[in-house]
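# My questions are about this predicted structure, shown below with the sequence.
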Amino acid sequence: GFMTRYERKIFDELKSPHLKYWVPFVWFGNLASKARKEGRIRDSVDLQTLMNEMNKYRSWCSLLFGYDWVGIPLVYTQVVTLAVYTFFFACLIGRQFLDTDQGYQGHDLDIYIPIFTLLQFFFYAGWLKV
């Protein structure tokens, strides 16, 4: 619904090794210039405003394309994985409740199931896998 059948045919026949997000922007620029010459856009300031907004939107698309084109190196994934697992190992030890008034010998580890720490781990590990 964004293109006519003729425009879609031209768009599909255009050969490009990368995404063709920029083609409609070129079409828009040409149509806006033509509309200015025909008097449909009354003032050059209006045309300039239209073109500035279109260029801003095109630069956002280009930035998004850059994020898609350049992959995250594997080492970042490994560092984040190591950080998440190290954090939760420290949480298992550090979040235990030791009541020194109970007279534990050598302050042994308190054995209980840390429900909220496990939930936090499952959420973080799930996000990590995504």
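Received the coordinates, thanks.
# from what I can see Leu128 touches Leu82, true?
No - contact criterion C-beta atoms under 8 Å: Leu128 and Leu82 do not qualify, at 10.7 Å. For the C-beta atoms, the positions are set from N, CA and C on the backbone; glycine is no exception.
# Neighbour count for those two, which is higher?
Between Leu128 and Leu82, Leu128 has the larger neighbour count (other C-beta atoms under 10 Å), namely 13 against 10.
# excluding its backbone neighbours, what's nearest that one?
Nearest residue to Leu128 in three dimensions, chain neighbours excluded: Val84, at 5.5 Å (C-beta to C-beta, 6 or more residues apart in numbering).
# and that neighbour, how many neighbours?
15.
# elements contacting the helix or strand hosting it?
Using DSSP states H and E, Val84 sits within helix 74-94. Counting by 3 or more C-beta pairs under 8 Å, 6 or more residues apart in numbering; DSSP states H and E, the packing neighbours recorded for helix 74-94 are helix 115-129.
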